[in-house]
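**Student:** predicted model and sequence below, questions to follow.
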Amino acid sequence: MQDLQNLGARNVCLMTDKNLSQLPPVKAVLDSLVKHGVQFRCYDKVRVEPTDTSFKEAIDFAKRGSFDAYVAVGGGSVIDTCKAANLYACHPEASFLDFVNIPIGKGKPVTATLKPLIAVPTTAGTGSETTGVAIFDFESLKAKTGIASRAIKPTLGMVDPLHTLHMPQRVAANSGFDVLCHALESYTALPYHMRSPCPPNPISRPAYQGSNPISDVWSRHALHIVAKYLKRAVRDPGDMEARSSMHLASVFAGIGFGNAGVHLCHGMSYPIAGHVKTFRAKDYNVDHPLVPHGLSVVLTSPAVFMFTGCMCPERHLEAAEILGADVRSAKREDAGVVLADTLRKLLFDLNVDDGLGAIGYTKDDIPALVRGTIPQERVTKLAPRPHTEEDLTGLFESAMKLF
C-alpha cells in the first residue's frame, strides 16, 4: 500500500464485511499493509445493505480509532459505510441526521476536510468508488435514504477485475443490473438546464445535476458495455474479459450517475428493499431477509421506462437499440414500450424473479411502498416526467409481475 505511505498515513482503518474478510481481495490488502509497515485496524462488521444502526456502529469505531486514512474493500455496502465513518469521525460534534438527505435528515453541507479514503471495489455494480453518495436503510421508516456530498467521494479507487472473480452468479447479475439502471436513469434524467430551484449558494448545489453532455458520454458508453458483456459475466465467472469489462462499466456508469443522478427506479427501490419480509436472495450469505439493491432497482425498470418514454423518446429508443432492439420502424410514441420490452427480455434471459410478487409483495403492500418512495425526492425529482402518488401506485402495480 505505497499509496498510503505517499499520503503519509500512520494509522489506517480497513473496512470490509465478514464474508470478504476470508477472501483473497482482503488478504491481498492486509499483506500489502504489513509488507509496507503501515499500522492499521480492521473493521469487518459492515452489514450487507447497511442500516442507520450499522452505520453508527462503524462511525463509533472510526471515532475511537483516530484514523488518518481509510481503506474500504468490498461492494457498495462497505464503501458507503466507510464514507459515513470518515465523514462523522471528522465531524465529531455532528448528530447523525445532520448530513442525511432532506426531508429525512437536515442535509447540512460538509464543512470539514475528510481523511483520505481508498476504495477497492469487489463487485461490478454500485460505482461507489466514484461517487459522493452513501446509502443506508433508515430502519424506523423502512426505507433507504443516504448522504450526498462531493466531500465524501473516495480519494482513490483501485479497480482490479481479479477482485470480481469471487462474485457468485446472482451477485454478478444483481450488481450488473445496478450498472444497467445507473446508465439508463442518468441518460434519461431531467436535463440539467431544467432542474430547479437553483440553490442560493454553490455550497448547497446538489451532487446530482440532471443529464448533461458530460454524464451522457459515460452513461451511453456503460450501456454499450452492459449490452455486450453482462450475460457473459453472469453465466461464466471465469470469463475475465466479461468480468473486467463489467467492472469498468460500473466505474463509467458511476461517473455518469454521480454527476447526473438517477430517478424513479432507484427512488422506488428504496422501500422495496426496506420493507422486505422473508425473501432471501440466492448466493448472498447473510443472516437477515434481503432484496439486493440491484434487484430492487431493476424489477421496476420496465414499468418506469414505459412511463417516462414519452418525455425523451429519442433517448429511450437509443437505449433500446444499444441493448439489442431493432428500432428502425419504431415510432416516437412507442419509445417507452420498446425499451420496456427490451428490458423484460434481458431480465427473462438472466432468470430474474418475476416481479415484486415473486419476492413477497402483494397489492396490499403498494400504499406502504408509495409512502416510502415519496421522501426520495433527492432522486425522484430528476425523473423526466412529473408524477403523482397515483402514478407511483400504478408503477408498483405494473411491477408486480414482469413476464
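**Tutor:** Happy to help now that I have it. Numbers count the residues shown, from 1 in each chain.

**Student:** from here on, just use CA atoms for contacts and neighbour counts.
**Tutor:** Noted.

**Student:** where along the stretch 51-200 of the chain do the helices fall?
**Tutor:** Applying DSSP state H, counting those that start in this stretch to the stretch 51-200 of the chain gives helices spanning 52-65, 76-89, 169-188.

**Student:** any idea which helix or strand comes after the last one?
**Tutor:** Heading C-terminal from helix 169-188, the first helix or strand you meet, by DSSP states H and E, is helix 213-235.

**Student:** in that next one, which residues are buried?
**Tutor:** 215-216, 218-235 (16 or more other C-alpha atoms under 10 Å).

**Student:** now do stretch 170-190
**Tutor:** For stretch 170-190, the neighbour count (16+ other C-alpha under 10 Å) marks 170-190 as buried.

**Student:** chain center to it, what's the gap?
**Tutor:** Centroid displacement of stretch 170-190 relative to its chain, using C-alpha atoms, centre = their mean, to the nearest Å, is 8 Å.

**Student:** same thing with stretch 396-403?
**Tutor:** In terms of C-alpha atoms, centre = their mean, the centre of stretch 396-403 is found 22 Å from the chain centre.

**Student:** cool, and stretch 367-382?
**Tutor:** The chain centroid and the centroid of stretch 367-382 are separated by 16 Å under C-alpha atoms, centre = their mean.

**Student:** likewise for stretch 358-370?
**Tutor:** Using C-alpha atoms, centre = their mean, the offset of stretch 358-370 from its chain centre is 22 Å.

**Student:** now the helices of the stretch 51-200 of the chain in JSON lines, with distance to L264 and mean pLDDT?
**Tutor:** Formatted as JSON lines, the helices of the stretch 51-200 of the chain follow (distance: least, C-alpha to C-alpha, whole Å; pLDDT from 0 to 100):
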{"stretch": "helix 52-65", "distance to L264": "23", "mean pLDDT": "98"}
{"stretch": "helix 76-89", "distance to L264": "20", "mean pLDDT": "98"}
{"stretch": "helix 169-188", "distance to L264": "8", "mean pLDDT": "97"}
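
**Student:** and the residue lying closest to D80 once chain neighbours are set aside, what pLDDT?
**Tutor:** For D80, ignoring the flanking residues on the chain, the nearest one in space by C-alpha to C-alpha, 6 or more residues apart in numbering is A134 at 4.4 Å. pLDDT for A134: 96.

**Student:** I'd say A134 and G146 touch.
**Tutor:** Yes: checked against C-alpha atoms under 8 Å, the pair A134 and G146 is within contact range at 5.4 Å.

**Student:** so, low pLDDT: which residues of the stretch 101-250 of the chain?
**Tutor:** Within the stretch 101-250 of the chain, no stretch has pLDDT under 70.

**Student:** helix, strand or coil for the residue sitting furthest away from the middle of the chain?
**Tutor:** Most distant from the centre of the chain: S329, at 34.4 Å, with distances by C-alpha atoms, centre = their mean. With DSSP: H, G, I helix; E, B strand; the rest coil as the basis, S329 sits in coil.

**Student:** switch to numbering from 35
**Tutor:** Done: numbering now begins at 35, and the last item shifts to S363.

**Student:** need the pLDDT of it.
**Tutor:** Value for S363, per-residue pLDDT: 95.

**Student:** could you do M35 as well?
**Tutor:** We have a pLDDT of 69 for M35.

**Student:** so how far is S335 from S432?
**Tutor:** According to C-alpha to C-alpha, to the nearest Å, S432 and S335 sit 10 Å apart.

**Student:** quick one: G292 and A168 touch, right?
**Tutor:** No: checked against C-alpha under 8 Å, the pair G292 and A168 is beyond contact range at 11.4 Å.
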